[in-house]
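Asks: Mind looking at a prediction? Sequence and model below.
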2 protein chains.
Amino acid sequence: MLKEPTFVPVGTQATVKSLTPEDLESIGCEIFFCNTYHLYLRPGDKAIKKFGGLHEFTRWKGQLITDSGGFQVFSLGRDKNGAGKLTRITEEGVEFKSHLDGATHFFTPEKSIQIQHNLAADNIIAFDECTPYPATKKYALAALNRTHRWALRSLTEHKRLNKKLEQDIKLYGVIQGSYFKDLRAQSAEFILSQDFDGIAIGGVSVGEPKDKMRQAVEYVIPYIQKDSKKRPVHLLGVGEVDDLFDFFGQGITSMDCTLPTRMARGGQFLNRTGNQTHDMRSKFKSQIMWARFKEDQQPLDPHCQCYTCKNYDRAYLHHLFKAQELLGYRLMTIHNLHFMIHTTFDIRKALKDGSFESLKYSWLGRK
Amino acid sequence: MLKEPTFVPVGTQATVKSLTPEDLESIGCEIFFCNTYHLYLRPGDKAIKKFGGLHEFTRWKGQLITDSGGFQVFSLGRDKNGAGKLTRITEEGVEFKSHLDGATHFFTPEKSIQIQHNLAADNIIAFDECTPYPATKKYALAALNRTHRWALRSLTEHKRLNKKLEQDIKLYGVIQGSYFKDLRAQSAEFILSQDFDGIAIGGVSVGEPKDKMRQAVEYVIPYIQKDSKKRPVHLLGVGEVDDLFDFFGQGITSMDCTLPTRMARGGQFLNRTGNQTHDMRSKFKSQIMWARFKEDQQPLDPHCQCYTCKNYDRAYLHHLFKAQELLGYRLMTIHNLHFMIHTTFDIRKALKDGSFESLKYSWLGRK
């Protein structure tokens, strides 16, 4: 479990793209996120179980977390009322088609938990329906109630497997409720009342404007802050620089996001002074392929201590990206993840020594 | 210079694809090959000179060798008489069009040497015309005589720049002569009579059958073996497993080849027992995406000591390649280069202790 603020890189297919476990260790990574949907389809959870689980398969000695598969199952296609084109939802579970070969599969809460126990990450997530944005309140309420019933089924199956397999995997229950304050409150109260090891906040980062995302999380914050069990709280699929400050400061303990790694492969690099703007969507970001970096002998971020910044200058990285060289993607991924993880370390420290508010202001220029 | 048998990986665009200098060191790499044509066009030799040359630009502390640009200039397009569609050859030099933007450029022997001095590798190569296969004898002779005149112009410009810049870059002259025994002999005698630091054999690996390639090299072998200066001899663009044994055993001291790295990115891995066949084109090679490797818990090559084989099994690599994950290309490149370099180390040792013939027989099943 993650008790302190932690940024969680995403390694969808049992690899954080381009990096070895040694690379991850060197940038301070403590955990990464794998996607159950992808690994169930390829190479298959049973194949991974034969190897003794994801840790043995990937050789990663830190922690791992898998999701329930729900997000990918539902994001394959549906209309604004939540009816899927490629998915069919019943009380029992969800039928969906593989993005690889179109074959039909069926996930239930029990099956999602069984797959996750085969993958054997340290932390797993209850099967939920990730409500689309926008959704009608009527649909969101029906989906929420079903998600709560699925949460209980997930919990039961999880306890059975933990006991049967004599293992101590931790289960996160997921708060949903779309963008409705009362539904978020209802879901927070329900999930917090159950015997989950951790709490996750889902159903955000589904294409909504950023202020909407922030609002949905804010609805839930008062409830998680009152949790008598002081459980860790994971925010699913969120993690821009401002999010680290806004959410770690309010009791969220971890968040995962594909942005730093995806940006890296596109040549975008994070740095504190990059692209001066009030728009958080582009603040802290620069693009290495900009012409002004062609002969720039500085590191990506002169204050950064990552392998890339200690050894390479912007001109070489500019060249690697212009030439579409694989080494560029790797060096940039190291930098962006180091940036997110070490900014999170700074936040941890500031929360302990009482300097958090001034640290946040120095970064964001606002409370 | 390379006095002992050395396999030279190719890093066309100032990077051996996917690897850092530390990776290269860890697999025993002593030198890699960069392409002047590519670096002249992008990022430009003058940009690299501003950084202090390729060593500073790439952070590689081992040796480097650049080619003259001739091979790429000529391989852009021409008919069987050697007349280029995109290149125009005169006594002065060669006009060609960039593969990046179609712009026209002009290389002369002097310009090739100036560019290579800007790039500042440890070893550089005289500007030559790489005769196509097949070529008429009439064309091959005319091209050869021009190449010899260009060799002298390259040598003069090289000596001028070494003196002016107070540096000690080594220059290789190139033996050409297509597939004609008398022309190869004539070229070997001419190039060996000049004051080059090293000798290169060019004009092979240009699309001909392998026995033709071997024959062209064999024509030259007696001459290089008689070289009173005992200069290093580099075979350009050759390097399958059998070539290591056939040519290092006869006085060739180094060869470069893109095959081990290109194969790696396509999922082919080298191993001594792989794909039992008498066809050298497929011997020692296996394809990680074959279904039989899906749940194989062995390393790529159980006898290999590379990072990849010490840490990963075939099933994980199979998964990475099926999922087209960047880490797969890197792990496979490490393995294939380690295989070629350490096989070369074994050859070095065997040549010293008199066991070369039996080592070669144990690998190839022939003398």
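Replies: Sure, I can see it.
Asks: Could you use CA atoms for every contact and neighbour count after this?
Replies: Noted.
Asks: ranges for the strands of the stretch 51-200 of chain A?
Replies: A:63-66, A:87-89, A:94-97, A:104-107, A:123-125, A:170-175, A:198-201 (DSSP state E, counting those that start in this stretch).
Asks: count of neighbours near A:Leu100?
Replies: The number of residues packed near A:Leu100 is 9, by other C-alpha atoms under 10 Å in any protein chain shown.
Asks: Kindly report the same for the one 4 residues further on.
Replies: Other residues near A:Thr104 come to 12 when the count uses other C-alpha under 10 Å.
Asks: Skip the chain neighbours and tell me the closest residue to it.
Replies: A:Lys97 (4.5 Å; C-alpha to C-alpha, 6 or more residues apart in numbering or on different chains).
Asks: That neighbour contacts A:Arg88, correct?
Replies: No. Between A:Lys97 and A:Arg88 there is no contact under C-alpha atoms under 8 Å: 9.7 Å.
Asks: got a list of what A:Ala121 touches?
Replies: By C-alpha atoms under 8 Å, 6 or more residues apart in numbering or on different chains, A:Ala121 lies in contact with A:Gly53, A:Leu54, A:His55, A:Gln63, A:Leu64, A:Ile65, A:Thr66, A:Ile169.
Asks: Let's see that with 6 Å instead.
Replies: A:Leu64, A:Ile65 (C-alpha atoms under 6 Å, 6 or more residues apart in numbering or on different chains).
Asks: And A:Gly77, what's its pLDDT?
Replies: On pLDDT, A:Gly77 comes in at 45.
Asks: what does A:Met1 give?
Replies: pLDDT, A:Met1: 77.
Asks: now swap in the one 10 residues further on and tell me
Replies: Confidence at A:Gly11, expressed as pLDDT, is 98.
Asks: Also A:Pro21?
Replies: pLDDT, read off for A:Pro21, is 98.
Asks: now the residue in the stretch 251-367 of chain A that chain B sits nearest to: how far from A:Thr131?
Replies: Here the stretch 251-367 of chain A gets closest to chain B at one residue, A:Leu327, 4.3 Å apart by C-alpha to the nearest C-alpha. Distance from A:Leu327 to A:Thr131, counting by C-alpha to C-alpha, to the nearest Å: 38 Å.
Asks: out of those two, which sits in the busier spot?
Replies: Between A:Leu327 and A:Thr131, counting by other C-alpha under 10 Å, A:Thr131 is the more crowded of the two (28 against 21).
Asks: what residues are up against that one?
Replies: A:Gly203.
Asks: Closest approach to chain B from the stretch 1-150 of chain A, which residue is it?
Replies: For the stretch 1-150 of chain A, C-alpha to the nearest C-alpha, closest residue to chain B: A:Ser18, 4.3 Å.
Asks: helix/strand/coil for that residue?
Replies: Reducing the assignment at A:Ser18 to three states with DSSP: H, G, I helix; E, B strand; the rest coil gives coil.
Asks: got the contact list for it?
Replies: A:Arg330, B:Leu326, B:Leu327.
Asks: Which residue, neighbours along the chain excluded, lies closest to it?
Replies: B:Leu327 is the one closest to A:Ser18 (C-alpha to C-alpha, 6+ apart), at 4.3 Å.
Asks: Least confident secondary structure element in chain A?
Replies: helix A:70-75 (a mean of 81; mean pLDDT, DSSP states H and E).
Asks: coming back round to it: average pLDDT across the helix or strand the residue of the stretch 251-367 of chain A closest to chain B falls within?
Replies: Applying DSSP states H and E as the criterion places A:Leu327 in helix A:326-353. Computed over helix A:326-353, the mean pLDDT rounds to 98.
Asks: That one relative to helix B:326-353, how many degrees between them?
Replies: 120 degrees (axes from the mean of the first three to the mean of the last three C-alpha atoms, to 10 degrees).
Asks: quick check, distance from helix A:326-353 to the centre of its chain.
Replies: 15 Å (C-alpha atoms, centre = their mean, to the nearest Å).
Asks: Work out the gap between whichever helix or strand comes after it and the centre of the chain.
Replies: Following helix A:326-353 in sequence order, the next helix or strand is helix A:356-364 (DSSP H and E). The chain centre lies 24 Å from the centre of helix A:356-364; the measure is C-alpha atoms, centre = their mean.
Asks: Now do helix A:356-364: which elements does it pack against?
Replies: Packing contacts for helix A:356-364, counted by 3 or more C-alpha pairs under 6 Å, 6 or more residues apart in numbering or on different chains; DSSP states H and E, involve no helix or strand.
Asks: that older thread, what's the residue of the stretch 1-150 of chain A closest to chain B sitting at in phi/psi?
Replies: phi 80, psi -10 (degrees, to the nearest 10).
Asks: returning to that earlier point: could I get the strands of the stretch 51-200 of chain A in JSON lines, plus columns for mean pLDDT and distance to A:Phe7?
Replies: Formatted as JSON lines, those follow (pLDDT from 0 to 100; distance: least, C-alpha to C-alpha, whole Å):
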{"stretch": "strand A:63-66", "mean pLDDT": "98", "distance to A:Phe7": "12"}
{"stretch": "strand A:87-89", "mean pLDDT": "86", "distance to A:Phe7": "31"}
{"stretch": "strand A:94-97", "mean pLDDT": "90", "distance to A:Phe7": "30"}
{"stretch": "strand A:104-107", "mean pLDDT": "93", "distance to A:Phe7": "29"}
{"stretch": "strand A:123-125", "mean pLDDT": "98", "distance to A:Phe7": "15"}
{"stretch": "strand A:170-175", "mean pLDDT": "98", "distance to A:Phe7": "17"}
{"stretch": "strand A:198-201", "mean pLDDT": "98", "distance to A:Phe7": "14"}
